[in-house]
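> Give the three-dimensional model of this entry:
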Amino acid sequence: MSNRHTKKEGNCNVKTEPRRLNKQPVEWELSELEKNTVKYFSEYSERPEEAIVGRLIVGLLEDENFVGWVRNKKNNKRILKELELKLNDDL
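Numbering: from 1, shown residues only. Just a heads-up that it's a prediction; the model follows:
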């Protein structure tokens, strides 16, 4: 059985992913520009600020140099698991 669910809305099917419930609070310092950018993008996209930041952070996994660095580290199995990467995945 797949983890993806399909919800009927009108005449189209909308796929929704299960929410990750392992969220933890973080404490970071951000500049006013960074905070305002997230705030207004949140307003524009009608999504919570946490979702915007989460999308940006997960987007770091698209950085080929970062992913290559992780894959080339010694004893990287824990890191690969935590980042949901495989040793030989293509980006």
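
> Excluding chain neighbours, give the residue nearest to residue 48 in space.
Among residues not flanking residue 48 along the chain, residue 42 sits closest, at 6.4 Å (C-beta to C-beta, 6 or more residues apart in numbering). To be clear about C-beta, it is placed using only N, CA and C from the backbone, and glycine gets the same treatment.

> quick one: the helices in this protein?
Assigned helices in the chain, in chain order: 32-45, 49-59, 64-72, 77-82 (criterion: DSSP state H).

> Tell me which residue lies nearest the centroid of the chain.
Closest to where the C-alpha atoms of the chain average out (C-alpha atoms, centre = their mean) is residue 58, at 3.1 Å.

> my read: residue 86 touches residue 80, true?
Yes. Here residue 86 reaches residue 80: they are 6.8 Å apart, a contact under C-beta atoms under 8 Å.

> So the two - more neighbours on which side?
Of the pair residue 86 and residue 80, residue 80 is the one with more neighbours under other C-beta atoms under 10 Å, namely 16 against 9.
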